[in-house]
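Engineer: 3D model of this:
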Amino acid sequence: EGLKYIYRHPKLRYQVFQLMLTICTIYPLMVAVFRVFVQSKFQLTQTSFGQAFSFPALGSMLGALTFTVIKPKHPERALMFGVPLVCIMISLLQAFSTLSLTVFAMTLTGYGLYLTFASLTVSMQLAVDEAYRGRLSSVIGMGFSAIGPIMCFPWGHLADAIGSVNTIYICGLVFGVGSAS
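Structural biologist: Numbers count the residues shown, from 1 in each chain. As a prediction, the model looks like this:
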């Protein structure tokens, strides 16, 4: 019944599609593929690896603070900034030759990713009828706790087969083209 409700409402259907697209492409990229890419490119120690991967979280925290301070009346408008920022940073990531620039790109990716997630989840919760709020929350939760982690497997497998740089490009392309439609 909840899925039928989402399907019958075009704006909500688009928002769920965009959220699932982001979860299916960018989430596994951040969780699995970036780690292999950065480790193999810069030969990090465990300490420097931990430090480097705290920066996407810093970007997400800055995104949360931005969203909190701005308190947008139309949260879906943050998509117009978050989605292109993620696409640009993903496409530039492999071009950086220093760890500092790479980490900076990862920070901005985390920032754009948070804006995308917050924009979608907040605007969906504002648009849904109260009777379907729990069902929508279940779909969102399923995306983050099940679909995102499951998608690490195919993207990780692809990275093993064609390399992490090519996989990063493909993920960014799928996300960008899917977001534009």
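Engineer: Just the C-alpha atoms of stretch 164-180, please, in PDB.
Structural biologist: What follows is stretch 164-180, C-alpha atoms only, in PDB (Å, rounded to 0.1, in the frame of the first residue of the first chain):
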ATOM      1  CA  SER A 164      38.600   2.000  -8.900                       C
ATOM      2  CA  VAL A 165      39.200   5.000 -11.200                       C
ATOM      3  CA  ASN A 166      37.000   3.700 -13.900                       C
ATOM      4  CA  THR A 167      34.400   2.600 -11.400                       C
ATOM      5  CA  ILE A 168      34.400   6.100  -9.900                       C
ATOM      6  CA  TYR A 169      33.700   7.600 -13.300                       C
ATOM      7  CA  ILE A 170      30.900   5.100 -14.100                       C
ATOM      8  CA  CYS A 171      29.300   5.700 -10.700                       C
ATOM      9  CA  GLY A 172      29.400   9.400 -11.200                       C
ATOM     10  CA  LEU A 173      28.100   9.100 -14.700                       C
ATOM     11  CA  VAL A 174      25.200   6.900 -13.600                       C
ATOM     12  CA  PHE A 175      24.400   9.300 -10.800                       C
ATOM     13  CA  GLY A 176      24.600  12.400 -13.000                       C
ATOM     14  CA  VAL A 177      22.600  11.000 -15.900                       C
ATOM     15  CA  GLY A 178      20.000   9.500 -13.500                       C
ATOM     16  CA  SER A 179      19.700  12.700 -11.600                       C
ATOM     17  CA  ALA A 180      19.300  14.800 -14.700                       C
END
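Engineer: ok, residues contacting it?
Structural biologist: Stretch 164-180 is contacted from outside by 17-18, 21-22, 25-26, 28-29, 33-34, 36-37, 40, 83, 86-87, 90-91, 93-94, 155, 158-159, using C-beta atoms under 8 Å, 6 or more residues apart in numbering. Every residue, glycine included, has its C-beta placed from N, CA and C.
Engineer: hmm, try it at 7 Å
Structural biologist: Outside stretch 164-180, the residues within contact range by C-beta atoms under 7 Å, 6 or more residues apart in numbering are 18, 21-22, 25-26, 29, 33, 36-37, 40, 83, 86-87, 90-91, 93-94, 155, 158-159.
Engineer: Which positions within stretch 69-88 qualify as buried?
Structural biologist: By neighbour count with 16 or more other C-beta atoms under 10 Å, stretch 69-88 contains the buried residues Pro75, Glu76, Ala78, Leu79, Gly82, Val83, Leu85, Val86, Cys87, Ile88.
Engineer: Including distance to Arg135, could those residues go into JSON lines?
Structural biologist: Listed next are those as JSON lines, based on distance: C-beta to C-beta, whole Å:
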{"residue": "Pro75", "distance to Arg135": "20"}
{"residue": "Glu76", "distance to Arg135": "20"}
{"residue": "Ala78", "distance to Arg135": "24"}
{"residue": "Leu79", "distance to Arg135": "23"}
{"residue": "Gly82", "distance to Arg135": "25"}
{"residue": "Val83", "distance to Arg135": "26"}
{"residue": "Leu85", "distance to Arg135": "31"}
{"residue": "Val86", "distance to Arg135": "28"}
{"residue": "Cys87", "distance to Arg135": "31"}
{"residue": "Ile88", "distance to Arg135": "35"}
